[in-house]
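Chemist: From the sequence below, what's the structure:
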Amino acid sequence: MDLGLNGRVFVVTGGSDGLGYATAKSLLSEGARVAICGRDTRRLDDAAEKLRAVGGDVLSVPADVTRAEDLEALVTTTVDRWGRLDGIVNAAGVHTGNRFESISDDEWIADYELKFLAAVRGIRFALPHLRKTAGAVVNVLSTGARAPGKRGMPSAPLRAAGLSMTKALATEVGGDGVRINAMLVGVIRSGQIVRPAVEAGQDVDEYLDHLARKLGVPLGRIGEPQEFGDTAAFLLSPRAGYVTGTAVHVDGGLSPVI
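Modeler: Below you'll find the model as predicted:
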């Protein structure tokens, strides 16, 4: 299916690795142009080179998404390069989880700035451009936004805030033709997920199969990054033109709620 993304322009935060990288790859495969950002310049440059091998036009912008000025520069640089902006994917973030009483104020604040305020700022800077193109936003959250688990803080409450913001903003800007959706991630293959197996010298595929059984994933396996990226590309595309204010689970059926 042609998603109608050829020539369109997107910003993907956290695009140097993981789900952000997978999303950028899917967008490029559809003919889009993509700007990615990250704090580690070496990793960012490496990711950009690998993405260019897909055959698309990639812009890499060093940026710390917890800094408003960096996010503003990311959006401005992207529009200066290509003259438009059709969407932004807020994918920057890492999983955090601990016992409530062990989490300091500084840890709460750091997570808030990375997982919630960075998305708010990124969308704010992007919106004037998205109104011109009837663009779209995808906020990458987790299943913990709806079904928080044990030791899910500080991440889960902030993901819930992101989910609420997604719905409220979709209602506010829908009349401008801008769509806002979220993706709730379950367990997907990543460096963070496979690290225990690597460190123990265990076969990664066997480890992931065991993890899927242990967690009780209905599809019986761990998700692949490109499955997430392809879903994100669809939500950003004209093919999803009547989808807004909703959250799509990409979790193999793991979440106990719809």
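Chemist: Just the buried positions in stretch 137-155, please.
Modeler: Buried residues in stretch 137-155, defined by neighbour count with 16 or more other Cβ atoms under 10 Å: 137-148, 152-155. The C-beta positions use only the backbone N, C-alpha and C, and glycine is treated the same way.
Chemist: again with stretch 77-88
Modeler: Buried residues in stretch 77-88 (16+ other Cβ under 10 Å): 77-79, 82, 84-88.
Chemist: Restricting to C-alpha, output it in CSV.
Modeler: What follows is stretch 77-88 as a C-alpha-only set of coordinates in CSV (Å, rounded to 0.1, in the frame of the first residue of the first chain):
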residue,chain,number,x,y,z
THR,A,77,16.5,23.7,10.8
THR,A,78,14.1,21.1,9.3
VAL,A,79,11.8,23.7,7.8
ASP,A,80,14.8,25.7,6.5
ARG,A,81,16.1,22.6,4.8
TRP,A,82,12.9,21.4,3.1
GLY,A,83,10.5,24.3,3.3
ARG,A,84,7.7,22.4,5.2
LEU,A,85,6.9,20.1,8.0
ASP,A,86,4.2,17.4,7.8
GLY,A,87,4.6,15.6,11.1
ILE,A,88,6.6,15.1,14.4
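Chemist: Next one: the residue lying closest to D70 once chain neighbours are set aside from V9, what distance?
Modeler: Leaving out its chain neighbours, the residue that sits closest to D70 by Cβ to Cβ, 6 or more residues apart in numbering is A63, at 4.0 Å. Remark: distance between A63 and V9 (Cβ to Cβ, to the nearest Å) = 17 Å.
Chemist: circling back to that earlier point, out of the buried residues of stretch 137-155, which is nearest to K115?
Modeler: S155 (6.9 Å; Cβ to Cβ).
Chemist: Hmm, D111 and that closest one touching each other?
Modeler: Yes - taking contacts as Cβ atoms under 8 Å, S155 lies within contact range of D111: 6.5 Å.
Chemist: Give me the common contacts of these two.
Modeler: Common contacts of S155 and D111, defined by Cβ atoms under 8 Å, 6 or more residues apart in numbering, comprise T96.
Chemist: Grab the two from the buried residues of stretch 137-155 that are most spread out in space.
Modeler: Maximum distance among the buried residues of stretch 137-155 (Cβ to Cβ): 25.5 Å, for V137 and M153.
Chemist: Surely E224 and G186 touch.
Modeler: No - the criterion here is Cβ under 8 Å, and E224 misses it with G186 at 11.9 Å.
Chemist: Just the buried residues of the helix or strand harbouring L235, please?
Modeler: Following DSSP states H and E, one finds L235 within helix 225-236. Applying a neighbour-count criterion of 16+ other Cβ under 10 Å, the buried positions in helix 225-236 are 225-226, 228-236.
Chemist: Tell me the helices and strands packed up against the helix or strand following it.
Modeler: Elements were assigned by DSSP H and E; along the chain past helix 225-236, the next helix or strand is strand 247-250. The contact analysis (3 or more Cβ pairs under 8 Å, 6 or more residues apart in numbering; DSSP states H and E) places strand 247-250 against strand 179-185, helix 225-236.
Chemist: Excluding chain neighbours, what is closest to G241?
Modeler: Setting aside the residues directly before and after it, G241 is nearest to R179 in space (Cβ to Cβ, 6+ apart), at 7.5 Å.
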